[in-house]
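Trainee: Compute the structure for the input listed below.
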Amino acid sequence: MATIPLLQLTDISLTFGGNPVFDALSLNVQQGDRVALVGRNGSGKSTLMKVMAGLVEADRGEVIVPTGVSVGYMQQEPDLSGFKTLGEFATSELDASEMYRVERASEGLKFDPDRLIETASGGERRRAALAKLMAEEPELMLLDEPTNHLDIEAIQWLEDELKSTRRAFVLISHDRRFLTELTRATLWIDRGQVRRQEQGFAAFEAWRDKAWEEEDIQRHKLDRKIKAEARWAVEGISARRKRNQGRVRRLQDMRAERGAQIKRQGQAAMELSSGPKSGRKVVDAKGISHAFGDKAIVRGFDLTIQRGDRVAFVGPNGVGKTTLIRILMGEITPDEGTVTLGTNLLPAIFDQTRAQLDPDATLWDSLTNDPGMRVSGSSDQVMVRGTPKHVVGYLKEFLFDERQARAPVRSLSGGEKARLLLARIMAKESNLLVLDEPTNDLDVETLDLLQELLDDYDGTVILISHDRDFLDRVATTTVAMEGRGQATVYAGGWSDYQTQKRADAAPKEAAKPKAAKAEAKPAEKPASSGLSFTEKHRLEALPGEIDRLTAEIAKLEEFLAAPDLFHKEPLKFKKATDALVERQDALAKAEEDWLDLAERAEEG
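Mentor: Residues are numbered from 1 along each chain as shown. Okay, the predicted model is just below:
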């Protein structure tokens, strides 16, 4: 016998500002469903979720929730008015016997229930709203970007909770791994149409690409048919006017069908341009210690960042990742130690707070008033990597339409603000990118493009992110900040860091019983390897760096082997040649360093 859906949408149509968001949409959410709700930024994901929650009323159609079924929605901007503390808000719908659930969630999501509402940050308010929803345990949970403002530990806690729950949920998230681990069905919003597949997010991209391929084939067939019928109409209609009016009408219908097809939103035309090469050594930090009052940010920290490195900083919220990066960039003087910056640096900074964007300024002014983009004597041109462009044309490259150009920044969604900030950064030449949580609010397609751009970027990248998949795709070195001033350097991305951390912990665990039996014996002095802490990690990282450089050299040599490249694309030929020489030099240096460090380690 079929079960009654927890939520049923029937023939839903909704229009905003004259543009249809959905038309004749019908879908069900069943008991036990674990659904990913995906689509490009601006496609209507959050709007659909608000329709499901009953917060937005459709122009037409029905939203049916059976009597006795509870639906909970995690608000992006929760209304906490009337409450004194975060805990008071989070427990407001609970019985006394259920209060413990909020305390448990507050530990996992890392917020203080006693924090006064008036002093709570936006992130703390969102975490309290998420804890409230988790504690109330509705039959259906609607989760709109729940991982925003969560660090990796809190994301892992939430992931484990959702894996173990029997409640149904619909989930919007930019975090690939989170979606992949949790979902078993996918709702895809594309140009007002919602399709469902009974497979989780892991299968989404193959499904999407196949659907688009089939769409392109059908459009091509329709275009050919219209062309053939139009030729017939021009050549023979006068002789057969009465007999073939039906064929003429069919041609008109085909043209109307083709005109009604909505063009897919393309990718943002993002491009990174490296400026002049920096020196080989970008940052050299030695013996760095810094604290705020009694809170140690870092103690005795050494780090050398070479040109071309991709260094990720990970750790819990509030541990001091941004502070450490500001120390490494020379913005904050450490309590102890020295930081030496390399020569010829052109940094570009992506700020997680979007502080570089004035919320009251228009998108137009945000670009034309930027000193690095301003074209002297022009109010509608911006300088993009040395070339003047019309401001609206440049905004269109980042998927903004002409109407948005004069809209205030505060009217943008989180993803749109991120794209606007990327537009400012990518207009300028740079050789050092500092990206503080760049992945927040970006859709999957834009994240893919950003990762590809970073792969091809000739400069150096320093980044903070809680997106495990993005870290694995981008980072070549990970600095793990674990509190109490401890910061450890690991080779590779997030998964590599986790593997090395487990390997480091395993010998210690295995040694515990032996250590207990030998309590009376004096501790033996560990053998010295002859290498400093930083040198040990450099030795561990070098094989991966050598492999990466070898692969890049092979790719460049293959590119330069193309016939007539020098004559057809002289600028590309020169750039590729310079890059090849640089990587060959870097490979020789890396191999030399590895031989030296390996030899000293053996001698030690």
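
Trainee: quick one, strands of the stretch 151-300 of the chain?
Mentor: In chain order, the stretch 151-300 of the chain shows strands spanning 168-172, 185-190, 193-197, 281-292, 295-306, with DSSP state E, counting those that start in this stretch as the criterion.

Trainee: Of these, flag the one that's most buried.
Mentor: Mean neighbours per residue, mean count of other C-beta atoms under 10 Å, is largest over the strands of the stretch 151-300 of the chain for strand 168-172, with a mean of 24. Every residue, glycine included, has its C-beta placed from N, CA and C.

Trainee: Run through the neighbouring helices and strands of it.
Mentor: Of the remaining helices and strands, those touching strand 168-172 by 3 or more C-beta pairs under 8 Å, 6 or more residues apart in numbering; DSSP states H and E are strand 34-38, helix 45-53, strand 140-144, helix 176-182.

Trainee: can you put those in a markdown table and add distance to residue 389?
Mentor: Conversion of the helices and strands packed on strand 168-172 to a markdown table gives the following (distance: least, C-beta to C-beta, whole Å):
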| stretch | distance to residue 389 |
| --- | --- |
| strand 34-38 | 32 |
| helix 45-53 | 31 |
| strand 140-144 | 35 |
| helix 176-182 | 32 |
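
Trainee: To residue 539, which of those lies closest?
Mentor: For these, proximity to residue 539 was assessed by C-beta to C-beta; helix 176-182 is nearest, at 29.7 Å.

Trainee: what's the closest one in contact with?
Mentor: Residues external to helix 176-182 that are found in contact with it (C-beta atoms under 8 Å, 6 or more residues apart in numbering): 34, 36, 38, 147, 155, 159, 162-163, 171, 173, 200-202, 444, 447, 467-470.

Trainee: Is the residue nearest to residue 438 when sequence neighbours are not counted bridged to anything, and to what?
Mentor: Closest residue to residue 438 apart from its sequence neighbours, by C-beta to C-beta, 6 or more residues apart in numbering: residue 350 at 5.0 Å. In this structure, residue 350 has the following beta-bridge partners (DSSP bridges): residue 435.

Trainee: can you give me the strands in the stretch 401-550 of the chain?
Mentor: In the stretch 401-550 of the chain, strands defined by DSSP E, counting those that start in this stretch lie at 432-436, 460-464, 477-483, 486-491, listed in chain order.

Trainee: Let's test this: what are the backbone torsions at the most centrally placed residue in the chain?
Mentor: In the chain, the centroid-proximal residue (C-alpha atoms, centre = their mean) is residue 439; its distance is 2.4 Å. The main-chain torsion angles of residue 439 are listed as degrees, to the nearest 10 and equal phi -80, psi -10.

Trainee: Roughly how far does residue 314 sit from residue 562?
Mentor: 40 Å (C-beta to C-beta, to the nearest Å).

Trainee: Those two: who's more crowded?
Mentor: The neighbour count for residue 314 versus residue 562, taken as other C-beta atoms under 10 Å, is higher for residue 314 (25 against 13).

Trainee: nearest residue to the more buried one other than its sequence neighbours?
Mentor: If you skip the residues right next to it in sequence, residue 314 has residue 480 as its closest partner in space, 5.6 Å away by C-beta to C-beta, 6+ apart.

Trainee: The one you found: what's it in contact with?
Mentor: 314, 315, 487, 488, 490, 497, 501.

Trainee: same thing but at 7 Å, please
Mentor: Contact criterion C-beta atoms under 7 Å, 6 or more residues apart in numbering gives 314, 315, 488, 490, 497 as the residues in contact with residue 480.

Trainee: same deal with residue 150?
Mentor: Listed by C-beta under 7 Å, 6+ apart, the contact partners of residue 150 are 109, 158, 466.

Trainee: Any idea how many residues pack against the nearest residue to the first one once chain neighbours are set aside?
Mentor: In space, and not counting its chain neighbours, residue 109 is closest to residue 127: 4.6 Å by C-beta to C-beta, 6+ apart. For residue 127, the neighbour count with other C-beta under 10 Å is 28.

Trainee: What segments of the stretch 51-200 of the chain are helices?
Mentor: 86-90, 100-109, 122-136, 152-164, 176-182 (DSSP state H, counting those that start in this stretch).

Trainee: again with the stretch 401-550 of the chain
Mentor: Listed in chain order, the helices of the stretch 401-550 of the chain (DSSP H, counting those that start in this stretch) span 414-426, 444-456, 468-474, 494-517, 533-560.

Trainee: Return the list of helices and strands in contact with the longest one.
Mentor: What that stands for is helix 533-560. strand 295-306, strand 486-491, helix 570-603 (3 or more C-beta pairs under 7 Å, 6 or more residues apart in numbering; DSSP states H and E).
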